[in-house]
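Asker: Sharing a model prediction with you, sequence too.
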Amino acid sequence: MENFNYHRPATVSAAAALLKKSKDGTYMSGGHTLLPTMKVGLASPTDIIDLTAIKGFSGITVSASAVVIKAGTTHMEVATSAAVKKAIPALWEMAGKIGGVHVRHRGTIGGSIANSDPAADYPSACVGLGATIITDKRKIPADSFFTGMFETALKPGEIITAVSFPIPKKSSHQKFPNPASRYALTGVFMSQDKAGKVRVAVTGAGPMVFRVTDMEAALGKSFAASALSGISVKSKGLNTDMHATAEYRAHLISVLAKRAVEAAK
Amino acid sequence: MSDTGIGARVLRKEDQRFITGKGRYTDDINLKDQTFAYFVRSPHAHATIKSINTAKAKKMPGVVDIFTSKEVEQDKIGGLICGWMIHSKDGSPMKAGPHPILASGKVRFVGDQVAVVIAETRAQAKAAAEAVAISYGVLPHVIDAADAMKSNAQVHDVAPDNRVYNWSIGDEAATAAAFKSAAHVTKLDLINNRLIPNAMETRAAIGSYDTGSDHYTLYTTSQNPHVARLVISAFHGLAPEHKLRVIAPDVGGGFGSKIFIYGEEVVCVWASKRIGGRPVKWTADRSEAFLSDAHGRDHVTHAELAMDDSGKITALRVNTKASMGAYLSTFSAAVPTYLYATLLSGQYNIPNIYAEVDAVYTNTAPVDAYRGAGRPEATYVVERIVETAARELKMDPAEFRRKNFITSFPHQTPVIFTYDAGDYGASLDKALELSDYKNFASRKALSAKNGKLRGVGFSAYIEACGIAPSAAVGSLGAGVGLWESAEVRVNAVGTVEVLTGSHSHGQGHETTFAQLVSDRLGIDINNVAIVHGDTDKVQMGMGTYGSRSGAVGMTAVSKALDKIEAKAKRVAAAVMEASTDDIEFKNGTFTVKGTDKKMAFGEVALAAYVGHKINSSEIELGLKETSFHDPSNFVFPAGVHICEVEVDADTGLTKIASYTAVDDFGTIINPMIVEGQVQGGVAQGIGQALIEGCTYDKESGQLLTGSFMDYNMPRAANMPHIENFKLGFTFTKCPSNPLGMKGCGEAGAIAAPPAVINAITDAIGVRDIAMPATPLTVWNAMQPMKRAAE
Amino acid sequence: MTAVSMKVNGKAVAGDVESRKLLVDFIRENLGLTGTHVGCDTSQCGACVVHIDGKAVKSCTVLTVACEGMDITTIEGIAKNGKLHPMQQAFHEEHGLQCGFCTPGMIMSSIDIVKRNGKKVSEDVIRRELSGNICRCTGYHNIVAAVQSAAGKM
């Protein structure tokens, strides 16, 4: 891996200034995507701006209507938070299924979302719960935040500071992991808000997280697995690789969605 | 039985250093003034090397030198060899293409090493390696064994149809006749998936040349350092054996992949002299290991089984294409022949067997022995087709096997081997009992209630281990003898050092070999040290593979101990002024029959060294003996494994619901260690059956499963729960060695794949399914049935 | 080069390192603590696991410069006053290792698992939480048994 300049600013504004000043810099949080990418030579930034020393950059607050997780909060902190478990059990459960223990100790929600990995878990939670991504500049609805494979609506230099998840009536997360990498081969995050509106977000199956609107409509009418009978996801546009074909992934979405409805709480 | 003797569950003596971080693996060793090597590897599956320009790279920071085949040829360093000659059935010798330590003129697989950069740091070597400019002329390539003989890609000039040999065994005409008169014939096409060994320690080497003494030292991750020294001396011509010391220190797993002599280690030791004697260190990245370690399996087979109208097997006919990869690795030629087709009789009395094997070159990494080596492939063929035949005949698979078991010994199979001892029915009975086979139907019903499909599969495996009588393997084409050596050095105070040619890289020899000594000499196990892995310390030995350290290596120790005991008796007789015939030795004490005279083992040792009370013109002083043990036969461990799976029909995900392994390994020195070998072997077998598979892209020739991100390694959650993994043992003594041992290292990996696949095919009701039976593969296999049902 | 200082196994250490120096390389090369191993280059195998401020992490995926002021524990630092840590003792007694290469990482991960999940950690949780540590020798059977055994003694 190529060498780089390393910075560890104490404030968000200092981080943004450092990035602006760098030739080809990048932010780093847990580093569990960036460093492996650099090790194989697929990234060689001139500067790494480590966000983990920023004061007040991590923490979880739960109100009556939302769970707000600051960007530098690790997956392990979410997965061991009694407050998150109580407010959005599916979010709590999902965090405990990301990577392995070591990844959960280091990886953060901000880093995961900013990366928009097509097989990552957090994007499905954001879209599946209708979260709002809060940056140092603005608030972005999850639906418009993820724009493509490894692409987001973030402007150059913009830093995610927190994610706000509205507390739903019910939610559920179902993951079918890739047996090798443990990323989601296909994952479904589903929620039903207090008004009965349903969101079904899928990760791992396409180029980026996406919603299955047919299922959402059917479940909006009747939140039961039987409502999904007859609704199949088209395989066109889904990923095919040696671990799974598009047809298999389409099928898994249906299976996981049914299981999600049954397990929702 | 003493609490540290044969049969005791002695905790391992070697653990202390490993659990405290004090193990000493090759990469942990750093020599003064060392440099670092990084290899430039081919990005193409098959190409001519048009030119190599190292000028720019040589100027990069820290670069000491860069070598290619040009320098190798200047120094007349020989190529890598295949140590086993196979002759085709027409009598012609196998077609071995050249295998230089750095590719010369042509690259033949993605990862083939073309040049080596030596620099002050690893990072500098790697950076400069990227700057070596190589111009390639891309050639057509072939990836699959099934395509090799009809491909327009020609891997080696010597083999125009990419065929290394066309070998056969057995009586073709008699087998054909048996098929003609068969009442029932079962046919099956099988693929034994290619695997990547992935010992957790990657290969590494440090070569060091001493300009003062014109002497080389090589630290390397080897299962057989003496064989490495022999080959590097005799075939690479680097230095005569007395000028080359090979040390294999702690080695982090081998599974076969570290038997072989590889180009990288030869380059390190050669290059050290080239750069003036500074040591050259190389440690493979895991990505390099994926590309360049010898892979395993990769067979395509058509098999046919003939039966009479009572369900007795009358003949087996097998046709196999085996990929050798791009070059013939050290033992590769023997794997799909004498380690494979000789086991096609399984545990069954099959009067007629005929097998034909085409070994072919492909543009992939070399394929060689991997845990089981040929025997897993044979067992997969036999146990899959036997299970399939039983289903076709609507016979219980256990009873169909029992009906065809060999029951009297010795038994001569039609494919060379003479099985010396066994009781296959006893293993089957015990496995049926441990697995609670009689209540399978109720478990199946319970699974069905939970929406899961449950299936059961058997595997009655046999393997030939210990490899084996030197004259026999020589007549079959081996380039070396397959004996083992031991030296037992008794120190003056009665402590013991055993120098063994066996090499431990996880097997626990430092404990089990010491148990044997403790048992025989009646001394504390802590007074025994096992020395191995260093050609300067240990006499010539053959190393560890083929589950041979017990049956061959320990027998050598046992024979040396016989000599020690005989000599010690003479010493004791002299000191106690008695006749040697009257000396008895028991529990570490020498006594004179009919008297109360006695000497402890340590006292006798001291007497042998001080020489005060013995006539040294009659008895040579000292107490040190050597044995070179050449076995009289292979050993034949066998057993019955039963696997139950639960398949989630919605996703195709298979869970090992339970696994039962009953093995007959003959005498067991340390049950704890033997159980560990079975558990580990079964994990590799379950890995092969369910998740592991090496995939090259047919179009590009690139390795798709080139990291742990894509190659599925078994994890803790892939294995059955502790309470659902049952082990049992049966016992028949091996008659060909005094300890009665058979060998246990490979059994699990040999037995498990057909047990798992038989269970899955039972669960989902298909005739065959490809390995690895991943969720995708299982789900795909179920689609036609679902469509039919709809 | 950046000056960095931290505590490793209770002792203050310092060094000048390039920004790109991975913690595992600092531990192995600069400190000579070779019990922490490298088994892959994709952050998958777990042979390099150490504790940073008491949490199990893969030291192949952490920059040395990012550990300024932190408290690192490696396999060499868990035995106290010559007495093995209960997890080390359990790996020995349950035969939870063969070649020993993955063992340091396994032990460091296992301590973390027990610390977070308590004495009665279930077999399912142990197996799931060992997903980031690969062993090729043991089939995990005795590793799981060792973690269960140590859990009661920690």
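Answerer: Perfect, I can see it now.
Asker: my hunch is that residue B:536 is in a helix, does that hold up?
Answerer: No: residue state for residue B:536 (DSSP: H, G, I helix; E, B strand; the rest coil) corresponds to coil; a helix is not indicated.
Asker: Neighbours of it, how many?
Answerer: 12 (other Cβ atoms under 10 Å in any protein chain shown). (Each C-beta comes from the backbone N, C-alpha and C, glycine too.)
Asker: Which neighbouring elements make contact with the helix or strand containing residue C:116?
Answerer: Using DSSP states H and E, residue C:116 maps to helix C:103-117. The contact analysis (3 or more Cβ pairs under 8 Å, 6 or more residues apart in numbering or on different chains; DSSP states H and E) places helix C:103-117 against helix A:101-106, helix B:15-19, strand C:49-52, strand C:55-58, helix C:86-93, helix C:123-129, helix C:141-151.
Asker: List just the one of these that sits closest to residue B:45.
Answerer: Closest of these to residue B:45 is strand C:55-58, at 32.7 Å (criterion: Cβ to Cβ).
Asker: Between its first and last residues, how far does stretch B:196-208 reach?
Answerer: End-to-end distance for stretch B:196-208: 30 Å, by Cα to Cα, to the nearest Å.
Asker: Show me which residues of chain C are close to chain A?
Answerer: For chain C, the residues in contact with chain A (Cβ under 8 Å from any Cβ of the partner chain) are C:2, C:18-20, C:22, C:41-44, C:46, C:49, C:55-58, C:61-63, C:65-66, C:68, C:109, C:112-113, C:116, C:129, C:131-133.
Asker: Leaving out the residues flanking it, which one is nearest to whichever residue of chain C sits closest to chain A?
Answerer: Residue of chain C nearest chain A, by Cβ to the nearest Cβ: residue C:132 (2.6 Å). Counting by Cβ to Cβ, 6 or more residues apart in numbering or on different chains, residue A:100 is the residue found nearest to residue C:132 once chain neighbours are left out, at 2.6 Å.
Asker: could you check the distance from the one you found over to residue A:203?
Answerer: As defined by Cβ to Cβ, to the nearest Å, residue A:100 lies at a distance of 18 Å from residue A:203.
Asker: how about the residues of the stretch 151-265 of chain A that lie near chain B?
Answerer: Counting by Cβ under 8 Å from any Cβ, the stretch 151-265 of chain A comes close to chain B at A:176, A:179, A:180, A:181, A:242, A:243, A:244, A:245, A:248, A:251, A:252, A:255.
Asker: how about a cut-off of 10 Å?
Answerer: By Cβ under 10 Å from any Cβ of the partner chain, the residues of the stretch 151-265 of chain A that approach chain B are A:176-183, A:185-186, A:241-245, A:247-249, A:251-252, A:254-256, A:258-259.
Asker: Of those, keep whichever come out buried.
Answerer: Neighbour-count burial (16 or more other Cβ atoms under 10 Å in any protein chain shown) applied to these gives A:176-183, A:185-186, A:243-245, A:247-249, A:251-252, A:254-256, A:258-259.
Asker: residue farthest from the centroid of chain B?
Answerer: The C-alpha centroid of chain B is most remote from residue B:595, which lies 51.8 Å away (Cα atoms, centre = their mean).
Asker: hang on, the earlier thing: near chain C, from the residues of the stretch 151-265 of chain A next to chain B?
Answerer: Restricting these to those touching chain C (Cβ under 10 Å from any Cβ) yields A:177, A:180, A:181, A:182.
Asker: Tell me which residues touch the third one, please.
Answerer: So that's residue A:181. Residue A:181 makes contacts with A:99, A:119, A:243, B:707, B:708, B:709, B:710, B:712, C:42, C:44, as judged by Cβ atoms under 10 Å, 6 or more residues apart in numbering or on different chains.
Asker: what about it, distance to residue B:598?
Answerer: Distance, residue A:181 to residue B:598, by Cβ to Cβ: 67 Å.
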